[in-house]
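Undergrad: model this:
(one chain, ligands or ions: 2)
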Amino acid sequence: MEQKKITFIGAGNMASSLIGGLLQDGYDKTCLLASDPSDENRSKMQQQFAIGTQTNNAEAVTWADVIVLAVKPQIMAAVCQDIVDQGVDLAGKLFVSIAAGISVSRLQGILGNVPVVRTMPNTPALLQLGMTGLFASTQVSDSDKTFAGDLMAAVGKTVWVEDEAQINGIIAASGSAPAYFFLFMEAMEQTAIEMGFTPEQARLLVQQSALGSAQMVVQNPDLDLATLRTNVTSKGGTTAEAVRTFNEQGLADTVKQAMTAAAERGAQMEQLF
Ligand SMILES: NC(=O)C1=CN([C@@H]2O[C@H](COP(=O)(O)OP(=O)(O)OC[C@H]3O[C@@H](n4cnc5c(N)ncnc54)[C@H](O)[C@@H]3O)[C@@H](O)[C@H]2O)C=CC1
Ligand SMILES: O=C(O)[C@@H]1CCC=N1
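TA: Ligands and ions are numbered 1, 2, ... in the order given. Sure thing, here's the model as predicted:
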(Lines give C-alpha, C1' and ligand atoms only; values in the text may rest on other atoms or scores of the structure.)
(Ligands and ions follow the chains in the order given, each with its own letter.)
Protein backbone atom coordinates (compact mmCIF):
# COMPACT_ATOMS: atom_id res chain seq x y z
CA MET A 1 0.00 0.00 0.00
CA GLU A 2 0.95 3.63 -0.42
CA GLN A 3 3.25 4.82 2.40
CA LYS A 4 1.56 8.03 3.51
CA LYS A 5 2.60 9.83 6.68
CA ILE A 6 0.19 8.74 9.44
CA THR A 7 -0.13 10.43 12.83
CA PHE A 8 -1.97 8.72 15.68
CA ILE A 9 -3.54 11.21 18.08
CA GLY A 10 -3.59 9.06 21.22
CA ALA A 11 -1.15 6.18 21.67
CA GLY A 12 -3.19 3.83 23.83
CA ASN A 13 -4.41 0.25 23.46
CA MET A 14 -6.15 0.51 20.12
CA ALA A 15 -3.49 2.72 18.51
CA SER A 16 -0.85 0.19 19.66
CA SER A 17 -2.81 -2.65 18.09
CA LEU A 18 -3.08 -0.81 14.77
CA ILE A 19 0.55 0.35 14.75
CA GLY A 20 1.80 -3.14 15.68
CA GLY A 21 -0.28 -4.68 12.90
CA LEU A 22 0.86 -2.11 10.33
CA LEU A 23 4.52 -2.68 11.17
CA GLN A 24 3.99 -6.45 10.89
CA ASP A 25 2.56 -5.75 7.44
CA GLY A 26 5.77 -3.93 6.51
CA TYR A 27 4.58 -0.32 6.84
CA ASP A 28 7.54 2.09 6.83
CA LYS A 29 8.08 3.02 10.49
CA THR A 30 9.43 6.46 9.55
CA CYS A 31 5.94 7.21 8.16
CA LEU A 32 4.28 6.60 11.55
CA LEU A 33 4.09 9.07 14.42
CA ALA A 34 2.21 8.89 17.73
CA SER A 35 1.19 11.94 19.75
CA ASP A 36 0.30 11.43 23.40
CA PRO A 37 0.83 13.39 26.63
CA SER A 38 1.58 10.20 28.58
CA ASP A 39 5.34 9.64 29.06
CA GLU A 40 4.67 5.98 29.69
CA ASN A 41 2.68 5.44 26.50
CA ARG A 42 5.15 7.38 24.35
CA SER A 43 8.08 5.38 25.65
CA LYS A 44 6.12 2.16 24.96
CA MET A 45 5.76 3.35 21.35
CA GLN A 46 9.48 4.06 21.09
CA GLN A 47 10.59 0.82 22.74
CA GLN A 48 8.03 -1.59 21.32
CA PHE A 49 7.72 -0.18 17.80
CA ALA A 50 10.67 2.25 17.37
CA ILE A 51 8.39 4.92 15.88
CA GLY A 52 8.57 8.66 16.44
CA THR A 53 6.50 10.32 19.14
CA GLN A 54 5.23 13.80 19.94
CA THR A 55 3.49 15.60 22.75
CA ASN A 56 2.16 18.38 20.54
CA ASN A 57 -0.94 17.22 18.64
CA ALA A 58 -0.96 20.27 16.36
CA GLU A 59 2.62 19.62 15.20
CA ALA A 60 1.86 15.93 14.73
CA VAL A 61 -1.17 16.78 12.57
CA THR A 62 0.83 19.32 10.55
CA TRP A 63 3.44 16.61 9.73
CA ALA A 64 0.91 14.01 8.56
CA ASP A 65 -1.13 13.19 5.44
CA VAL A 66 -3.49 10.99 7.44
CA ILE A 67 -4.58 11.55 11.03
CA VAL A 68 -5.94 8.63 13.06
CA LEU A 69 -8.03 10.01 15.91
CA ALA A 70 -7.49 7.48 18.71
CA VAL A 71 -8.30 9.23 21.97
CA LYS A 72 -11.18 8.33 24.27
CA PRO A 73 -14.58 9.60 23.06
CA GLN A 74 -14.98 11.77 26.18
CA ILE A 75 -12.04 14.00 25.21
CA MET A 76 -12.27 13.79 21.40
CA ALA A 77 -14.07 17.14 20.97
CA ALA A 78 -11.59 19.02 23.17
CA VAL A 79 -8.60 17.42 21.44
CA CYS A 80 -9.94 18.35 17.98
CA GLN A 81 -10.87 21.87 19.11
CA ASP A 82 -7.33 22.39 20.39
CA ILE A 83 -5.87 21.35 17.00
CA VAL A 84 -8.13 23.87 15.25
CA ASP A 85 -7.30 26.57 17.82
CA GLN A 86 -3.58 26.09 17.06
CA GLY A 87 -4.33 27.21 13.50
CA VAL A 88 -3.19 24.00 11.77
CA ASP A 89 -3.88 23.96 8.01
CA LEU A 90 -6.02 20.85 7.55
CA ALA A 91 -6.37 21.13 3.75
CA GLY A 92 -5.62 17.88 1.93
CA LYS A 93 -5.50 15.79 5.08
CA LEU A 94 -7.58 12.67 5.64
CA PHE A 95 -9.03 12.02 9.10
CA VAL A 96 -9.66 8.44 10.22
CA SER A 97 -11.54 8.20 13.50
CA ILE A 98 -11.56 4.96 15.49
CA ALA A 99 -13.63 6.37 18.36
CA ALA A 100 -16.86 4.79 19.49
CA GLY A 101 -19.80 7.16 19.80
CA ILE A 102 -18.37 10.11 17.85
CA SER A 103 -20.25 10.92 14.67
CA VAL A 104 -18.78 12.33 11.47
CA SER A 105 -20.93 15.45 11.88
CA ARG A 106 -19.56 15.96 15.41
CA LEU A 107 -15.99 15.84 14.09
CA GLN A 108 -16.73 18.03 11.08
CA GLY A 109 -18.55 20.52 13.34
CA ILE A 110 -15.13 21.15 14.91
CA LEU A 111 -12.61 20.35 12.17
CA GLY A 112 -14.60 21.82 9.29
CA ASN A 113 -15.47 20.17 6.00
CA VAL A 114 -12.53 17.72 6.10
CA PRO A 115 -12.78 14.17 4.72
CA VAL A 116 -13.51 11.75 7.58
CA VAL A 117 -13.54 7.97 7.49
CA ARG A 118 -15.23 6.74 10.65
CA THR A 119 -14.03 3.27 11.56
CA MET A 120 -14.54 0.68 14.26
CA PRO A 121 -11.58 -1.70 14.54
CA ASN A 122 -10.82 -4.22 17.29
CA THR A 123 -7.68 -5.11 19.24
CA PRO A 124 -6.76 -8.34 17.37
CA ALA A 125 -5.51 -5.86 14.72
CA LEU A 126 -2.22 -6.23 16.63
CA LEU A 127 -1.96 -9.78 15.24
CA GLN A 128 -3.32 -8.72 11.84
CA LEU A 129 -6.49 -10.57 12.81
CA GLY A 130 -8.55 -7.44 13.30
CA MET A 131 -12.08 -6.77 12.11
CA THR A 132 -12.90 -3.21 11.09
CA GLY A 133 -16.09 -1.56 9.93
CA LEU A 134 -15.69 1.66 7.93
CA PHE A 135 -17.95 4.52 6.89
CA ALA A 136 -16.84 7.31 4.54
CA SER A 137 -18.19 10.84 4.68
CA THR A 138 -19.17 12.42 1.36
CA GLN A 139 -15.96 14.50 1.35
CA VAL A 140 -13.77 11.37 1.11
CA SER A 141 -12.25 10.94 -2.37
CA ASP A 142 -11.99 7.53 -4.03
CA SER A 143 -8.24 7.47 -3.44
CA ASP A 144 -8.65 8.36 0.26
CA LYS A 145 -11.30 5.67 0.56
CA THR A 146 -8.92 3.17 -0.98
CA PHE A 147 -6.15 4.24 1.40
CA ALA A 148 -8.36 3.97 4.51
CA GLY A 149 -9.59 0.55 3.38
CA ASP A 150 -6.02 -0.63 2.70
CA LEU A 151 -4.91 0.71 6.08
CA MET A 152 -7.42 -1.40 7.95
CA ALA A 153 -7.05 -4.37 5.57
CA ALA A 154 -3.33 -4.39 6.50
CA VAL A 155 -4.37 -5.38 10.04
CA GLY A 156 -7.29 -7.71 9.32
CA LYS A 157 -10.62 -7.93 7.52
CA THR A 158 -12.82 -4.97 6.60
CA VAL A 159 -16.44 -4.22 5.86
CA TRP A 160 -17.75 -0.88 4.55
CA VAL A 161 -21.17 0.39 5.64
CA GLU A 162 -23.26 2.88 3.67
CA ASP A 163 -25.26 4.04 6.67
CA GLU A 164 -23.27 5.60 9.52
CA ALA A 165 -25.74 4.28 12.11
CA GLN A 166 -24.51 0.76 11.27
CA ILE A 167 -21.20 1.57 12.95
CA ASN A 168 -22.98 1.01 16.27
CA GLY A 169 -23.91 -2.49 15.05
CA ILE A 170 -20.24 -3.03 14.15
CA ILE A 171 -19.29 -2.03 17.71
CA ALA A 172 -21.72 -4.66 19.03
CA ALA A 173 -20.68 -7.41 16.61
CA SER A 174 -16.90 -6.96 16.43
CA GLY A 175 -15.45 -3.84 18.12
CA SER A 176 -16.41 -4.98 21.61
CA ALA A 177 -16.53 -8.68 20.74
CA PRO A 178 -13.03 -9.69 21.85
CA ALA A 179 -14.15 -8.85 25.41
CA TYR A 180 -17.15 -11.18 25.10
CA PHE A 181 -14.94 -14.09 24.09
CA PHE A 182 -12.42 -13.28 26.84
CA LEU A 183 -15.24 -13.18 29.39
CA PHE A 184 -16.52 -16.58 28.24
CA MET A 185 -12.99 -17.97 28.33
CA GLU A 186 -12.39 -16.53 31.81
CA ALA A 187 -15.49 -18.33 33.08
CA MET A 188 -14.36 -21.60 31.48
CA GLU A 189 -10.82 -21.20 32.82
CA GLN A 190 -12.14 -20.57 36.34
CA THR A 191 -14.36 -23.63 36.23
CA ALA A 192 -11.52 -25.80 34.90
CA ILE A 193 -9.37 -24.67 37.85
CA GLU A 194 -12.21 -25.59 40.21
CA MET A 195 -12.29 -29.00 38.51
CA GLY A 196 -8.70 -29.54 39.63
CA PHE A 197 -6.49 -28.32 36.79
CA THR A 198 -3.55 -25.99 37.41
CA PRO A 199 -4.06 -22.41 36.15
CA GLU A 200 -1.59 -23.16 33.32
CA GLN A 201 -3.44 -26.31 32.32
CA ALA A 202 -6.82 -24.55 32.57
CA ARG A 203 -5.68 -21.72 30.32
CA LEU A 204 -4.18 -24.12 27.77
CA LEU A 205 -7.36 -26.23 27.67
CA VAL A 206 -9.50 -23.15 27.07
CA GLN A 207 -7.29 -21.20 24.68
CA GLN A 208 -6.51 -24.15 22.44
CA SER A 209 -10.21 -25.06 22.27
CA ALA A 210 -11.11 -21.47 21.35
CA LEU A 211 -8.37 -21.28 18.72
CA GLY A 212 -9.29 -24.64 17.20
CA SER A 213 -12.99 -23.78 17.15
CA ALA A 214 -12.39 -20.40 15.47
CA GLN A 215 -10.17 -22.10 12.87
CA MET A 216 -12.89 -24.70 12.22
CA VAL A 217 -15.31 -21.86 11.50
CA VAL A 218 -12.87 -20.01 9.25
CA GLN A 219 -11.79 -23.09 7.33
CA ASN A 220 -15.31 -24.39 6.74
CA PRO A 221 -17.12 -21.45 5.13
CA ASP A 222 -19.74 -23.82 3.68
CA LEU A 223 -20.72 -25.23 7.07
CA ASP A 224 -23.07 -23.14 9.14
CA LEU A 225 -22.31 -22.65 12.81
CA ALA A 226 -25.20 -24.86 13.91
CA THR A 227 -23.79 -27.77 11.88
CA LEU A 228 -20.35 -27.33 13.42
CA ARG A 229 -22.00 -27.38 16.85
CA THR A 230 -24.10 -30.42 16.01
CA ASN A 231 -20.99 -32.29 14.86
CA VAL A 232 -19.60 -32.06 18.40
CA THR A 233 -22.87 -32.95 20.08
CA SER A 234 -23.37 -36.72 20.40
CA LYS A 235 -26.93 -37.74 21.16
CA GLY A 236 -27.28 -38.44 24.87
CA GLY A 237 -23.68 -37.38 25.44
CA THR A 238 -21.79 -34.77 27.40
CA THR A 239 -21.95 -31.83 25.00
CA ALA A 240 -25.72 -32.21 24.75
CA GLU A 241 -25.93 -31.69 28.51
CA ALA A 242 -23.78 -28.56 28.36
CA VAL A 243 -25.71 -27.11 25.41
CA ARG A 244 -29.04 -27.90 27.09
CA THR A 245 -27.83 -26.02 30.18
CA PHE A 246 -26.76 -22.98 28.14
CA ASN A 247 -30.11 -22.94 26.33
CA GLU A 248 -32.12 -23.33 29.54
CA GLN A 249 -30.19 -20.39 31.00
CA GLY A 250 -31.09 -18.28 27.95
CA LEU A 251 -27.64 -17.84 26.43
CA ALA A 252 -28.92 -16.62 23.03
CA ASP A 253 -31.15 -14.04 24.70
CA THR A 254 -28.31 -12.90 26.97
CA VAL A 255 -26.05 -12.43 23.93
CA LYS A 256 -28.77 -10.48 22.14
CA GLN A 257 -29.32 -8.24 25.15
CA ALA A 258 -25.57 -7.63 25.54
CA MET A 259 -25.04 -6.75 21.86
CA THR A 260 -28.09 -4.50 21.87
CA ALA A 261 -26.80 -2.74 24.98
CA ALA A 262 -23.42 -2.14 23.30
CA ALA A 263 -25.05 -0.69 20.16
CA GLU A 264 -27.41 1.48 22.22
CA ARG A 265 -24.52 2.80 24.27
CA GLY A 266 -22.75 3.77 21.03
CA ALA A 267 -25.82 5.75 19.92
CA GLN A 268 -26.16 7.32 23.38
CA MET A 269 -22.48 8.39 23.37
CA GLU A 270 -23.11 10.19 20.06
CA GLN A 271 -25.51 12.46 21.96
CA LEU A 272 -23.21 12.87 24.98
CA PHE A 273 -19.75 13.54 23.48
N1 LIG B 1 -9.77 -0.65 23.02
C2 LIG B 1 -10.56 -1.15 22.06
O3 LIG B 1 -10.79 -2.37 21.97
C4 LIG B 1 -11.16 -0.24 21.02
C5 LIG B 1 -11.14 1.14 21.18
N6 LIG B 1 -11.69 1.94 20.23
C7 LIG B 1 -11.65 3.39 20.37
O8 LIG B 1 -10.30 3.78 20.39
C9 LIG B 1 -10.16 4.98 21.16
C10 LIG B 1 -9.02 4.80 22.14
O11 LIG B 1 -9.36 3.72 23.00
P12 LIG B 1 -8.22 2.93 23.78
O13 LIG B 1 -7.02 2.81 22.93
O14 LIG B 1 -8.86 1.71 24.31
O15 LIG B 1 -7.96 3.95 24.96
P16 LIG B 1 -6.60 4.25 25.76
O17 LIG B 1 -6.96 4.94 27.00
O18 LIG B 1 -5.77 3.01 25.84
O19 LIG B 1 -5.84 5.29 24.77
C20 LIG B 1 -6.13 6.64 24.71
C21 LIG B 1 -4.81 7.40 24.66
O22 LIG B 1 -5.08 8.77 24.49
C23 LIG B 1 -4.08 9.47 25.20
N24 LIG B 1 -4.46 10.87 25.39
C25 LIG B 1 -5.10 11.42 26.45
N26 LIG B 1 -5.24 12.74 26.26
C27 LIG B 1 -4.67 13.01 25.03
C28 LIG B 1 -4.49 14.20 24.29
N29 LIG B 1 -4.92 15.38 24.72
N30 LIG B 1 -3.85 14.11 23.11
C31 LIG B 1 -3.41 12.94 22.64
N32 LIG B 1 -3.55 11.76 23.32
C33 LIG B 1 -4.18 11.82 24.50
C34 LIG B 1 -3.93 8.68 26.47
O35 LIG B 1 -2.71 9.00 27.14
C36 LIG B 1 -3.97 7.27 25.94
O37 LIG B 1 -2.68 6.80 25.60
C38 LIG B 1 -11.49 5.23 21.83
O39 LIG B 1 -12.12 6.30 21.19
C40 LIG B 1 -12.26 3.94 21.65
O41 LIG B 1 -13.64 4.16 21.49
C42 LIG B 1 -12.23 1.43 19.07
C43 LIG B 1 -12.27 0.08 18.87
C44 LIG B 1 -11.77 -0.87 19.84
O1 LIG C 1 -15.52 -0.18 24.93
C2 LIG C 1 -15.44 0.71 24.07
O3 LIG C 1 -16.14 1.73 24.14
C4 LIG C 1 -14.48 0.53 22.92
C5 LIG C 1 -15.19 0.50 21.61
C6 LIG C 1 -15.15 -0.91 21.15
C7 LIG C 1 -14.23 -1.56 22.07
N8 LIG C 1 -13.84 -0.75 23.00
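Undergrad: could you find the closest non-adjacent residue to F197?
TA: Among residues not flanking F197 along the chain, L205 sits closest, at 6.7 Å (CB to CB, 6 or more residues apart in numbering). C-beta: built from backbone N, CA, C; applies to glycine.
Undergrad: pretty sure the one you found is in a helix, no?
TA: Yes: under DSSP: H, G, I helix; E, B strand; the rest coil, L205 sits within a helix.
Undergrad: do I have it right that it meets A192?
TA: Yes: contact criterion CB atoms under 8 Å: L205 and A192 qualify, at 5.6 Å.
Undergrad: these two: which is more packed in?
TA: A192 (18 against 15; other CB atoms under 10 Å).
Undergrad: report pLDDT for the more buried one.
TA: pLDDT recorded at A192 is 99.
Undergrad: residue contacts, G52?
TA: Residues near G52 by CB atoms under 8 Å, 6 or more residues apart in numbering: T30, L32, L33, A34.
Undergrad: one more time with 10 Å, if that's ok
TA: By CB atoms under 10 Å, 6 or more residues apart in numbering, G52 lies in contact with 7, 29-35, 42, 45-46, 60, 63.
Undergrad: count of residues packed around whatever residue of the stretch 1-150 of the chain ends up closest to ligand 2?
TA: Using CB to the nearest ligand atom, A100 is the residue of the stretch 1-150 of the chain that sits closest to ligand 2, at 3.8 Å. Here the number of neighbours of A100 (other CB under 10 Å) works out to 22.
Undergrad: how close does it get to D163?
TA: 17 Å (CB to CB, to the nearest Å).
Undergrad: what does D144 give?
TA: From D144 to D163 the distance is 20 Å (CB to CB).
Undergrad: who has more neighbours out of these two?
TA: Using other CB under 10 Å as the criterion, D144 and D163 rank with D144 on top: 23 against 8.
Undergrad: contacting residues around the nearest residue to the more buried one once chain neighbours are set aside?
TA: Leaving out its chain neighbours, the residue that sits closest to D144 by CB to CB, 6+ apart is L94, at 4.7 Å. Applying CB under 10 Å, 6+ apart to L94 gives the contacts 4, 6, 64-68, 114-117, 139-141, 143-145, 147-148, 151.
Undergrad: tell me the pLDDT of the residue of the stretch 151-273 of the chain found nearest ligand 1.
TA: Scanning the stretch 151-273 of the chain for the residue nearest ligand 1 gives G175, at 4.6 Å (criterion: CB to the nearest ligand atom). Per-residue confidence at G175 stands at 98 (pLDDT).
Undergrad: that one and R118 touch, don't they?
TA: No: using CB atoms under 10 Å, G175 makes no contact with R118, being 11.9 Å away.
Undergrad: what touches both of the two?
TA: Residues touching both G175 and R118 (CB under 10 Å, 6+ apart) are I98, G133, I167.
Undergrad: let's have the residues you listed in TSV, adding pLDDT, secondary structure and neighbour count.
TA: Putting the shared contacts of G175 and R118 into TSV (pLDDT from 0 to 100; DSSP: H, G, I helix; E, B strand; the rest coil; neighbours: other CB atoms under 10 Å) gives the following:
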residue	pLDDT	secondary structure	neighbour count
I98	98	coil	25
G133	98	strand	24
I167	98	helix	27
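Undergrad: of those, list those near ligand 1.
TA: With CB under 6 Å from any ligand atom as the criterion, those include I98 near ligand 1.
Undergrad: export the shared contacts of G175 and R118 to TSV and append columns for distance to F181.
TA: Converted to TSV, these look like this (distance: CB to CB, whole Å):
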residue	distance to F181
I98	20
G133	18
I167	21
